[in-house]
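A.B. asks: Return a 3D structure for these sequence lines:
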Amino acid sequence: MRRRLPHWAGELVLFGLKQAWACLFGGLMLVALLVSKALWQPGWAIARYDALFVFALLVQIIMLAARLETAREARVILLFHLTGTAMEWFKVGAGSWAYPEPGLLKIMGVPLFSGFMYASVGSYMARVIRIFAMRFAPYPPFAVTTLLAGAIYVNFFAHHYLPDARLALFAATVLVFGRTRVWFTIGARAYWMPLPLAAFLTSLFLWLAENVGTLTGTWLYAGQTTLNAVSLTKIGSWYLLLYVSFVTVTLVMRDALEPGVRGSRAKAALPAEADRWPGQ
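C.D. replies: Have a look, this model is predicted:
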């Protein structure tokens, strides 16, 4: 296909295929939501939520056994599962959203499969870094990024009791990561994109994916029905949460971080010829 298409078109197709391969876990979960909603009957012996948990667990085991995920990536996914489930318990308890269907594997109103939805984001981020040979340069001081991610995570809880600090946090993401470029390879060439732009574009796709969850009635926000789209304000929530996700990934994937502007280690890892994204 790349031989027959113009260079830019071939690179775009390959970019899309690599992205699809990176989000394999998340894509399978979305398919499971759609298929289970279409097929499930109330009288069946196992609840849909419980079947989704079993499905997610089997997918995770198969991906590890087939080496589609590395042991290091599995540690990232476990961190996402834990932090995501903690947020679910709090948010469901606060009435932000709910899981309306019954389930045996449901604790404090939260079905256990929900942790895998967060884990799918972690799986995507860890896999996309490896598949695209990503480097992040110049990367800000790691302690600063950790503090920012911690502040964002705390605000998801604290804004129920204190003034919402998300506007300040939006500004902080640009201040801290504004100079950081995401270097990535598609075929034989390397490209770059500003990290805040990459986070925003990813948040758009996550918002679309979340609409699959609410369309199928798997979870619903307060006052929402399956006919309502998820509020556009959730794009901002996903944008901030992606920084928490990204810093969580870097806890175990520090080798992708370059403190300098494309230092010698990054040059060795990327092709010599590089274009500014999306290319010339």
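
A.B. asks: quick one, phi/psi of residue 190?
C.D. replies: Main-chain dihedrals, residue 190, degrees, to the nearest 10: phi -110, psi 150.

A.B. asks: what about it, how many neighbours?
C.D. replies: Residues near residue 190, counting by other CB atoms under 10 Å, number 23. Where you see a C-beta, it was placed from the backbone N, CA and C, and this is true even at glycine.

A.B. asks: Before we move on, what's the pLDDT of it?
C.D. replies: Note on residue 190: pLDDT of 89.

A.B. asks: Point to the residue nearest the middle of this structure.
C.D. replies: Nearest to the geometric centre of the chain sits residue 121, at 2.9 Å (CA atoms, centre = their mean).

A.B. asks: Could you list the low-confidence segments of the protein?
C.D. replies: 1, 261-280 (pLDDT under 70).

A.B. asks: All the helices of it, residue numbers only.
C.D. replies: Taking DSSP state H, the helices of the chain run over residues 7-22, 24-39, 48-65, 71-94, 114-131, 142-158, 166-177, 195-215, 233-250, 264-269.

A.B. asks: helices or strands up against the third one?
C.D. replies: Right, helix 48-65. helix 24-39, helix 71-94, strand 110-111, helix 114-131 (3 or more CB pairs under 8 Å, 6 or more residues apart in numbering; DSSP states H and E).

A.B. asks: Need the contact partners of that helix.
C.D. replies: For helix 48-65, the external contacting residues (CB atoms under 8 Å, 6 or more residues apart in numbering) are 24-25, 28-29, 32-33, 36-37, 40, 46, 68-69, 71, 74, 77, 99, 101-106, 111-113, 116, 119, 123, 218.
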